[in-house]
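Trainee: Below: sequence and its predicted model.
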Number of protein chains: 2
Amino acid sequence: MTMLNVQLTSPLTVTTPKGFKATGIHVGLRRKRKDLALLLCEGGAEAAAVYTTNQVQAAPITVTKQAMATSGGKVHAVLVNSGNANACTGQLGLEHAYASQHAVAEQFHLAPEHVVIASTGIIGQPMAIDTLLQGIEQLKPDTEETQAEDFATAILTTDTGTKTAGRQVLLNGEVVSICGVAKGSGMIHPNMATMLGFLTTDAAIDAGFLQDVLKTAVNRTFNCITVDGDSSTNDMVMILASGAAQTEAIEQGTTEADQFQQAVDQVCQDLAKQIARDGEGATKLIEVKVNGSKDELLGRKIAKQIVGSSLVKTAIFGEDANWGRIVAAIGSIDEPIDVSQIDIRIGSQTVLRQSMPVLFDEALASNELAADVVEIEVNLNQGTKSGHAFGCDLTYDYIKINASYRT
Amino acid sequence: MTMLNVQLTSPLTVTTPKGFKATGIHVGLRRKRKDLALLLCEGGAEAAAVYTTNQVQAAPITVTKQAMATSGGKVHAVLVNSGNANACTGQLGLEHAYASQHAVAEQFHLAPEHVVIASTGIIGQPMAIDTLLQGIEQLKPDTEETQAEDFATAILTTDTGTKTAGRQVLLNGEVVSICGVAKGSGMIHPNMATMLGFLTTDAAIDAGFLQDVLKTAVNRTFNCITVDGDSSTNDMVMILASGAAQTEAIEQGTTEADQFQQAVDQVCQDLAKQIARDGEGATKLIEVKVNGSKDELLGRKIAKQIVGSSLVKTAIFGEDANWGRIVAAIGSIDEPIDVSQIDIRIGSQTVLRQSMPVLFDEALASNELAADVVEIEVNLNQGTKSGHAFGCDLTYDYIKINASYRT
């Protein structure tokens, strides 16, 4: 596969792919920080999205799903606000969501069904709708890199920094960019919910196949983040394809499709890792790989079980190579596996072989567990497939952040 | 139902039911504390047990399951050691487990299949089998209350205290006692695994029906404790029925069966609450009741989801009436429910009605959340059944306890 490895003079942002403008401003939904963001594709983009599986879904999720269904996955504008999730707000919340969608449509001369919206922030509070509507009038999206940065900033809540990623690939001789931005500090802050991700590309691809690509990428990446197992009412990942790179449409089953899938996977992976690492109170990223599985799904499930175990997470915070907790996490999976031939590696050392403890250097293990990134590898020795998952350690600061009063 | 409400001069212990002797001693598996316990029913008891669902099962679990299968649920002796779980110890561990079973059989002139064993403590370490075997020779079980207390003490690991419970019921004019003892600090300590429970009764009941009664009781009680979602390699709850109360055998479908079930439920419930409250680092017991469910199982599942949410647990530690996290936990259940008409009560105050926030007194809520026991009640308003669950808050001390080195 042909990846461009040249060091680019400017970073890859959501406005790097041709056809996109962005902006992010402060309108007053939050006290001081930027809180309103817009992504615009004037020519219209093929779009695909995945949403939270939580049954309690915020008003913007409902409105966006309707728009996507009505337009058949054609999106011209994405409005995102932080500061208020517009969740558990009933009929009034729905009216506010429609009002903001229509205001964007009017402002940029679009059909309402070509405008999608996302919100993140406190739940159960009515949206300051006048503030939001006045804010929409001030949105002046552009292709400038600084505008893309403002977009990345305005969607944040408790995140400690912006999260961006990008790849460029050569498809039939043309440079195609795939870029993304995300928010989410891996756990849900007191009523500051939500993981959001927005990807842009100038590839030409129809919405149906784009949905397949996104779903595959999200399952391999964002869905492999496990932080505290809680899922939000507002989660959404969306990809918009402008087609402005002027390549032929990417068709399923072609080499180009593989290249494109791989690039989307990588962008999502980069963002997912940034989210996991930014978990509330986290001091390190934990990467778990499960090899020797009968299928990818089981491998991923076990990897998530390990990285989601409070006991494993706490042990790693304590720099303790506690393989017993890893074994217990593996064994608690609800699918039958052979537990008699498991190998476990923590950092550079094998600590369990064929399900029996192996002598290892505890001091070296502690040193390795003190690093920024901790790797755990499991071999089930009962197949050829692998799955992975990402997470973070569980620390005093998680308790501190999440035990504090909402006010 | 006829419960005896007289205040008894002596507490109810596992030797209160007729036909049982017990003891607990220090043999050296732990440094100073009692570490070997025996429960003896010389006349033989009908027995029933439930075991961990973790696929990684310790050697004593394997040996006990075999004994129960061979004997058809007839048990004369239960040997329990703390200090070493004999888990992840391979063939040698299995040999050690058989050796201890046979040593008890020899010591008390029993068939080996009438001896069951349980272990709790560090995993992945070979058992100090000589110490254990020498210890078995010193066991002198008796009916004394102090001996029963020693049994309750010797099975503990990180528990802050013994956990005992008991009920007496009149069945056909005879007093029948149902008593129990448990260990488990609700979460798995660094390699100090396991929740164990042992119940004794002098009721007459056959092993098959006793199994049904125990399973029902465990599902309603022990299985409603959720602390950190991790499950151990050594968990076991067992009930022994000596028949020594000289009543007629309890038959399924009778009033006596209902009375007996209720008493077993209550004993298990008492023990389960003691375990939840003794969760590592816990400062309070959280009781969640979900009403208005279409069935008991769904209600229990949702209750467990709420009490198992790290965000809910941390909010309650922070005395924060954060209903948003409760709603998010409810919505994340993997079974379709109507999320539009949920009521939530925290302490004495309704905070959500028909899925819409209700103004409440935050100061009063915080005061109530500072109590030892916190009650959360959810009404799904879509059925007539209820389920409940118990747990504890997630605190700095949980991190402290679990992040410390094993050594």
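Mentor: Ah, there it is. As the structure is a prediction and not an experimental result, all values here were calculated from the model.
Trainee: quick one: secondary structure of the closest residue to residue A:352 other than its chain neighbours?
Mentor: Excluding the flanking residues, the one nearest residue A:352 by C-beta to C-beta, 6 or more residues apart in numbering or on different chains is residue A:344, at 4.0 Å. The C-beta positions use only the backbone N, C-alpha and C, and glycine is treated the same way. Of the three states, residue A:344 takes strand under DSSP: H, G, I helix; E, B strand; the rest coil.
Trainee: what separates residue A:344 from chain B, distance-wise?
Mentor: Noted for residue A:344: a distance of 11 Å to chain B, by C-beta to the nearest C-beta, to the nearest Å.
Trainee: repeat for residue A:310
Mentor: In this structure, residue A:310 and chain B are separated by 4 Å, where distance is defined by C-beta to the nearest C-beta.
Trainee: dump the residue contacts of the residue nearest to residue A:352.
Mentor: The contact partners of residue A:344, by C-beta atoms under 8 Å, 6 or more residues apart in numbering or on different chains, come to A:323, A:326, A:327, A:350, A:351, A:352, A:376, A:377, A:378, A:379.
Trainee: List buried residues within these.
Mentor: The neighbour-count test (16 or more other C-beta atoms under 10 Å in any protein chain shown) applied to these identifies A:323, A:326, A:327, A:351, A:352, A:376, A:377, A:378, A:379 as buried.
Trainee: between those, which is closest to residue B:14?
Mentor: residue A:327 (31.5 Å; C-beta to C-beta).
Trainee: Nearest residue to that closest one in space, please, no chain neighbours.
Mentor: On the basis of C-beta to C-beta, 6+ apart, the spatially nearest residue to residue A:327 that is not a chain neighbour turns out to be residue B:56, at 5.5 Å.
Trainee: buried residues in stretch A:331-340?
Mentor: Counting neighbours by 16+ other C-beta under 10 Å, the buried set in stretch A:331-340 is A:331, A:332, A:333, A:337, A:339.
Trainee: Assess the claim that residue A:98 and residue A:63 are in contact.
Mentor: Yes. With contact defined as C-beta atoms under 8 Å, residue A:98 counts as touching residue A:63 (6.1 Å).
Trainee: quick one: which of those two has more around it?
Mentor: Between residue A:98 and residue A:63, residue A:63 has the larger neighbour count (other C-beta atoms under 10 Å in any protein chain shown), namely 24 against 17.
Trainee: Quick one: mean pLDDT over whichever strand or helix holds that one.
Mentor: Secondary structure here is read from DSSP states H and E; on that basis residue A:63 sits in helix A:59-71. Rounded to a whole number, the mean pLDDT of helix A:59-71 is 97.
Trainee: How far off centre is that helix?
Mentor: The offset between the C-alpha centroid of helix A:59-71 and the centroid of the whole chain comes to 20 Å, using C-alpha atoms, centre = their mean, to the nearest Å.
Trainee: and after that helix, which helix or strand comes next?
Mentor: Later in the chain than helix A:59-71, the nearest helix or strand by DSSP H and E is strand A:74-84.
Trainee: And the following helix or strand past that following strand, what does it pack against?
Mentor: Sequence-wise, the next helix or strand beyond strand A:74-84 is helix A:90-107, with elements assigned using DSSP H and E. If contacts are counted by 3 or more C-beta pairs under 8 Å, 6 or more residues apart in numbering or on different chains; DSSP states H and E, helix A:90-107 sits against helix A:59-71, strand A:74-84, strand A:115-122, helix A:129-137.
Trainee: So which of those is nearest residue A:169?
Mentor: Per C-beta to C-beta, nearest to residue A:169 of those: strand A:74-84, 22.3 Å.
Trainee: my read: residue A:22 touches residue A:15, true?
Mentor: Yes. A contact is recorded between residue A:22 and residue A:15 when judged using C-beta under 8 Å, the distance being 5.2 Å.
Trainee: mind checking how far the nearest residue to residue A:132 once chain neighbours are set aside is from residue A:173?
Mentor: Setting aside the residues directly before and after it, residue A:132 is nearest to residue A:100 in space (C-beta to C-beta, 6+ apart), at 5.6 Å. Distance, residue A:100 to residue A:173, by C-beta to C-beta, to the nearest Å: 41 Å.
Trainee: Which ones among the buried ones among the contacts of residue A:344 map onto strands?
Mentor: With strands taken from DSSP state E, the overlap with the buried ones among the contacts of residue A:344 comprises A:351, A:352, A:376, A:377, A:378, A:379.
Trainee: now the residues you listed in TSV, with pLDDT and distance to residue A:203?
Mentor: As requested, these are arranged in TSV below (pLDDT from 0 to 100; distance: C-beta to C-beta, whole Å):
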residue	pLDDT	distance to residue A:203
A:351	95	44
A:352	95	44
A:376	97	35
A:377	98	34
A:378	98	36
A:379	98	37
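Trainee: Which residue ranges of the stretch 301-407 of chain A form helices?
Mentor: If DSSP state H, counting those that start in this stretch is used as the criterion, the helices of the stretch 301-407 of chain A fall at A:310-317, A:323-331, A:362-369, A:396-403.
Trainee: Tell me which of those helices lies nearest to residue B:225.
Mentor: Between residue B:225 and the helices of the stretch 301-407 of chain A, the tightest spacing by C-beta to C-beta is seen for helix A:310-317, at 14.7 Å.
Trainee: tell me what the closest one is packed against?
Mentor: Helix A:310-317 makes packing contacts with strand A:285-293, helix A:323-331, helix B:396-403 when contacts are defined by 3+ C-beta pairs under 8 Å, 6+ apart.
Trainee: Just name the most buried of those.
Mentor: Per-stretch averages of neighbours, counted by mean count of other C-beta atoms under 10 Å in any protein chain shown, single out helix A:323-331 among those, with a mean of 27.
Trainee: Just checking the distance from it to the centre of its chain.
Mentor: 27 Å.
Trainee: Outside of it itself, list whatever touches it.
Mentor: Taking C-beta under 8 Å, 6+ apart as the criterion, the residues outside helix A:323-331 that touch it are A:302, A:305-306, A:308-309, A:311-312, A:315, A:337, A:339, A:342, A:344, A:346, A:351-352, A:355, A:357, A:376, A:378, B:54-57, B:87-88, B:122-124, B:188, B:190-191, B:193, B:230-233.
Trainee: Now the buried members of these.
Mentor: The neighbour-count test (16+ other C-beta under 10 Å) marks A:302, A:305-306, A:308-309, A:311-312, A:315, A:337, A:339, A:342, A:344, A:346, A:351-352, A:355, A:357, A:376, A:378, B:54-57, B:87-88, B:122-124, B:188, B:190-191, B:193, B:230-233 as buried among the contacts of helix A:323-331.
Trainee: Ignoring the adjacent residues along the chain, who's closest to residue A:238?
Mentor: The nearest residue in space to residue A:238 (C-beta to C-beta, 6+ apart) is residue A:49, at 4.2 Å.
Trainee: Next, the angle from the helix or strand containing the one you found to strand A:115-122.
Mentor: Assignment of secondary structure by DSSP H and E places residue A:49 within strand A:36-51. Computed with axes from the mean of the first three to the mean of the last three C-alpha atoms, to 10 degrees, the direction of strand A:36-51 lies at 100 degrees from that of strand A:115-122.
Trainee: which helices and strands does strand A:36-51 pack with?
Mentor: Where contact means 3+ C-beta pairs under 8 Å, 6+ apart, strand A:36-51 is packed against strand A:21-25, helix A:59-71, strand A:74-84, helix A:129-137, helix A:145-154, strand A:196-201, helix A:207-220, strand A:236-241.
Trainee: and these as JSON lines, adding distance to residue A:41?
Mentor: As requested, these are arranged in JSON lines below (distance: least, C-beta to C-beta, whole Å):
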{"stretch": "strand A:21-25", "distance to residue A:41": "8"}
{"stretch": "helix A:59-71", "distance to residue A:41": "13"}
{"stretch": "strand A:74-84", "distance to residue A:41": "6"}
{"stretch": "helix A:129-137", "distance to residue A:41": "17"}
{"stretch": "helix A:145-154", "distance to residue A:41": "13"}
{"stretch": "strand A:196-201", "distance to residue A:41": "8"}
{"stretch": "helix A:207-220", "distance to residue A:41": "13"}
{"stretch": "strand A:236-241", "distance to residue A:41": "6"}
